[in-house]
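[1] sequence unknown, structure follows:
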């Protein structure tokens, strides 16, 4: 099969992913082989390719927003069937035995594996998924569904952790693939939404998706801090944005950081930015319950992703566009030959 393979981490503009013929993987007892239709391009993929996340294997096929159909099933698979439309997300498998797994916090499992990082992912014609972690999907455009499988799920978990009061005001700092889905979710659940971005094109999308307000952060800062948010989510992988978000947060508000990698956070002025029972929480992966809840809500609320589709061979270019802020909504790779 054809795949985009990473052998050595490097800046994405050097085109570190190579187009190769690789062996077709065979599913083990509890696994399925998925014929990949499309795979979303996530910022986590960029962190894998450029080495912000330390390499775990000599080579890896990135990609963890996989949409396709089951081509083969392992001998002990019972709940998935040939030809079924499925998604393969970031959380590839967990141990099921550690203190986190048995207490319903499998996203914190000490031995968890990740699609496209510790197991080959979806920048390929085929990928392997583990029964129980593979998600059945409704009929629809595969490209529109792909961003749901990480951007949507992680944004949903961050939204839950941010805990805005019912009908409250929640801010989204960095308006990319995850924020553009999470804002729709919050708006349709009756929350006021504020999108913050340095890119006016991204804010135009936020307005079309129902944002109550948009803030262009590349403009000079406002003269006074408003402290008008009941909750906030930082999607940008930049520590300075955490300070920007805290300046906007009311007393008692929670800031959730939905980033798997973040540059250093500058010194925090406790008296002005944290005092008043403000909280900062991080988001690590997701549980399968998060995934099922989000996909159900996405269907019932009619969430729709805004996507740009490119051929699989252009994975390096898609990641470069993502890093440079040239992707509006989400990028998706077409993996069909």
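    That came in fine, so what should we check first? Only a predicted model underlies this, so the values are computations on that prediction, with no experimental measurement involved. Numbering: from 1, shown residues only.
[2] what about residue 281, which SS state?
    The three-state label given to residue 281 by DSSP: H, G, I helix; E, B strand; the rest coil is strand.
[3] For it, grab the count of nearby residues.
    By other CB atoms under 10 Å, the residues close to residue 281 number 13. Yep, even glycine has a C-beta here, placed from its N, CA and C like the rest.
[4] Tell me which residues touch it, please.
    Residue 281 sits next to 161-162, 254-257 when contact means CB atoms under 8 Å, 6 or more residues apart in numbering.
[5] what's the top helix by length along the chain packed up against?
    Among the segments of the chain that qualify as a helix by DSSP state H, the longest is helix 288-301. In terms of contacts (3 or more CB pairs under 8 Å, 6 or more residues apart in numbering; DSSP states H and E), helix 288-301 is packed against strand 135-136, helix 151-162, helix 177-188.
[6] quick one: buried residues of it?
    By neighbour count with 16 or more other CB atoms under 10 Å, helix 288-301 contains the buried residues 288, 290-291, 293-295, 298.
[7] wait, residue 165 sits on residue 230?
    Yes: with contacts counted by CB atoms under 8 Å, residue 165 reaches residue 230, the gap being 5.1 Å.
[8] Looking at the two, which one has more neighbours?
    Relative neighbour count places residue 230 above the other of residue 165 and residue 230, with 21 against 13, counting by other CB under 10 Å.
[9] What does the pLDDT read for the more buried one?
    The confidence metric pLDDT takes the value 97 at residue 230.
[10] Where do the domain boundaries of the protein fall?
    2-137+306-334, 152-282 (automatic domain parsing).
[11] Tell me the span between the first and last residue of the longest one.
    The one in question is domain 2-137+306-334. 12 Å (CA to CA, to the nearest Å).
[12] what's the answer for the shortest one, then?
    Between the opening and closing residues of domain 152-282 there is a gap of 16 Å (CA to CA).
[13] Find the helix or strand that the nearest residue to residue 98 once chain neighbours are set aside is a member of.
    Once flanking residues are discounted, residue 98 sits nearest to residue 110: 5.0 Å by CB to CB, 6 or more residues apart in numbering. Using DSSP states H and E, residue 110 sits within no helix or strand.
[14] who touches residue 110 in this structure?
    Contacts for residue 110 were tallied using CB under 8 Å, 6+ apart; they are 95, 98, 100.
[15] buried subset of these?
    98, 100.
[16] Would you quantify the distance from the residue nearest to residue 180 when sequence neighbours are not counted to residue 304?
    Spatial nearest neighbour of residue 180, excluding adjacent residues (CB to CB, 6+ apart): residue 329 at 5.2 Å. Distance, residue 329 to residue 304, using CB to CB, to the nearest Å: 10 Å.
[17] Ok, residue 268 next?
    37 Å.
[18] Assign a three-state SS to the closest residue in space to residue 134 that isn't next to it in sequence, would you?
    Leaving aside its chain neighbours, residue 134 sits nearest to residue 86 (4.9 Å; criterion: CB to CB, 6+ apart). Classification of residue 86 using three-state DSSP returns strand.
[19] Make residue 1 into 32 and carry on from there
    Yep, numbering from 32; the last one is residue 117 now.
[20] Okay, and the beta partners of residue 117?
    residue 99, residue 167 (DSSP bridges).
[21] dump the residue contacts of it.
    63, 65, 98-101, 111, 160, 165-168.
[22] would you turn these into CSV with distance to residue 245?
    Listed next are these as CSV, based on distance: CB to CB, whole Å:
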residue, distance to residue 245
63, 42
65, 38
98, 30
99, 35
100, 39
101, 41
111, 42
160, 38
165, 37
166, 32
167, 36
168, 31
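[23] these two touch, right, residue 89 and residue 36?
    No: under the criterion of CB under 8 Å, residue 89 makes no contact with residue 36, lying 10.5 Å away.
[24] Give me the more crowded residue out of these two.
    More crowded of residue 89 and residue 36, by other CB under 10 Å: residue 36, with 19 against 8.
[25] Which strand or helix spans that one?
    strand 33-37.
[26] Distance check, the nearest residue to residue 194 once chain neighbours are set aside against residue 357.
    Closest residue to residue 194 apart from its sequence neighbours, by CB to CB, 6+ apart: residue 285 at 5.0 Å. Separation of residue 285 from residue 357 (CB to CB): 31 Å.
[27] likewise residue 57?
    38 Å.
[28] neighbour-wise, which of the two wins?
    residue 357 (14 against 10).
[29] Now do the phi/psi pair for the more buried one.
    Here is the backbone geometry of residue 357 (degrees, to the nearest 10): phi -90, psi 0.
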